[in-house]
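Peer 1: Provided below are the primary sequence and the corresponding predicted coordinates.
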Amino acid sequence: MNHLTDEPRLPAARGATDPYGTCVLLKHGEVAIKGRNRRLFVRRLEDNLRTALRGIGGSTWIRTPGGITVLGGEAPVDELVARARTVVGFTSIEPALRVPSTMESIEANALEVLRTACEGRTATGFAVRVKRRDKTFALTSSQLERELGARLQPRVDGLRVNLTSPDVTLSVEIDHRETFLSAVRHPGLSGLPVGSSGRALVLLSGGYDSPVAAHRAMRRGLACDFVHFSGAPYTNPASVYKAYALARELNRYQPPGELHVVSLGKAQKQLAVAGAGRLQVVAQRRLMVRTASALATATGAQALVTGDSLGQVASQTLANMAAVDQAATLPVLRPLVGWDKQEIIDQARALGTAAISVLPDEDCCSLLAPPQVSTGARIGHLKVVEQRLDLDELVETLLANVQVMRPGQEDDRTPAAGPGRPAAD
């Protein structure tokens, strides 16, 4: 009986020298269906992949022949795979073997790849799938599938050809001078390359929702910076620590964005003194998006992203969302508007942010929150409260004291110099 592992080791290419050997095949997602501007998306995808490979140790190389990306280098294949799986835009990641495009080399190395794949778990059937990008190859794809399957089957004990539900699928992709053999496919993040759709500023709290929303925005091609509103000086810094940890985790999936921390506590108290009452939470949210809009404009972002889910809490009713949007000067995107809480939690666990979100903190949204929150705030009533304050001056004061952090980058020093300004040495 043969066995199959989830992540089989790849054998060395038989009879082959450089440039042949192990590599990783990265299949394009939506980029593949783009038209005349496809090369711009591919270039962005390659740039993001290079960013993900920083600090991996040893040289790496990237090529993009025939609508796929091939990754290789001195680093172990497992590490290359792990880095590639954090890059948005690839539908699958396949550790592979590069061999010369001759029938002899393909057959010899395919046998080794198949045997290596049949270790660790019970496997009874296999299939061969061929993609022939080099149309001058002597056999068609279907002919090579039949020929290669027939030659391999007698040489792998206990393994039969099974074209409907194989335990192992041997993938053979033929180019003009090289052929790629693989037997493992890891799912990619798919979507559009981060940065291809512009830049957004995420209102990042410490809960489950906003990190998941940020990740969904990244998968639609948005490069993300983050803004966190703390309740300082009336709350402890725990929420800032969580926001930093969340931003650092999210920056694994993009060229690292900045985290801006705004101390909102005194402004929240001013709203309460101005008589916000049941409108306090919605008024706070309006102040947040007003401040975030100004910060986004200063830093070059074109939209705001929030973790709102329609009807999840009182502040996220349709009427309250509309009231909040009215205070923004940029589009407010809500990637999770139709998600329920369990879907969000499940995605946060898969993403790796859930373990951070459950840590205790003092959330600014609960600071000075009334016993009952209005579920249908009216713009006129909110403006009456806001007219008792100088909002322009308030926003200016908030931004003048913003802290800028760079989670996931080498320089994590924290200045207090204003929106988007780099740390001083």
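Peer 2: Happy to help now that I have it.

Peer 1: what ranges do the strands span in the stretch 101-250 of the chain?
Peer 2: All strands of the stretch 101-250 of the chain, identified by DSSP state E, counting those that start in this stretch, fall at 122-123, 125-132, 160-161, 168-174, 178-182, 186-187, 198-203, 222-230.

Peer 1: Check the offset of the longest one from the chain's centre.
Peer 2: Centre-to-centre, strand 222-230 and its host chain are 15 Å apart (C-alpha atoms, centre = their mean, to the nearest Å).

Peer 1: And the second one, by the same measure?
Peer 2: Distance of strand 125-132 from its chain centroid, counting by C-alpha atoms, centre = their mean, is 31 Å.

Peer 1: Which residues does it contact?
Peer 2: 110, 114, 118, 140-142, 144-145, 148-149, 152-153, 156, 159-163, 165-174 (C-beta atoms under 8 Å, 6 or more residues apart in numbering). (C-beta placed from N, C-alpha, C; glycine too.)

Peer 1: For ChimeraX, write a command that selects the buried ones of those residues.
Peer 2: For the buried members of these, the matching ChimeraX selection, counting by 16 or more other C-beta atoms under 10 Å, is:
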select :110,114,118,141,144,145,148,149,152,156,159,166,167,168,169,170,171,172,173,174
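
Peer 1: pLDDT at the nearest residue to residue 125 once chain neighbours are set aside, what is it?
Peer 2: Spatial nearest neighbour of residue 125, chain neighbours left out: residue 162 (2.7 Å); criterion: C-beta to C-beta, 6 or more residues apart in numbering. The confidence metric pLDDT takes the value 93 at residue 162.

Peer 1: which helix is the longest one in the chain?
Peer 2: Residue-count comparison of every helix in the chain, with assignments taken from DSSP state H, identifies helix 280-299 as the longest.

Peer 1: Which other helices and strands does that helix contact?
Peer 2: The helices and strands touching helix 280-299, judged by 3 or more C-beta pairs under 8 Å, 6 or more residues apart in numbering; DSSP states H and E, are strand 198-203, strand 222-230, strand 259-263, helix 265-273, strand 303-305, helix 318-325, helix 379-386, helix 391-400.

Peer 1: Show me this structure divided up by domain.
Peer 2: The chain breaks down into these domains under automatic domain parsing: 2-187, 198-405.

Peer 1: Mean pLDDT lowest where, among the ones you listed?
Peer 2: For the domains of the chain, where the average pLDDT is lowest is domain 2-187, sitting at a mean of 88.

Peer 1: before we move on, back to that, I'd like to know how far the residue nearest to residue 125 sits from residue 89.
Peer 2: Relative to residue 89, residue 162 is positioned 33 Å away (C-beta to C-beta, to the nearest Å).
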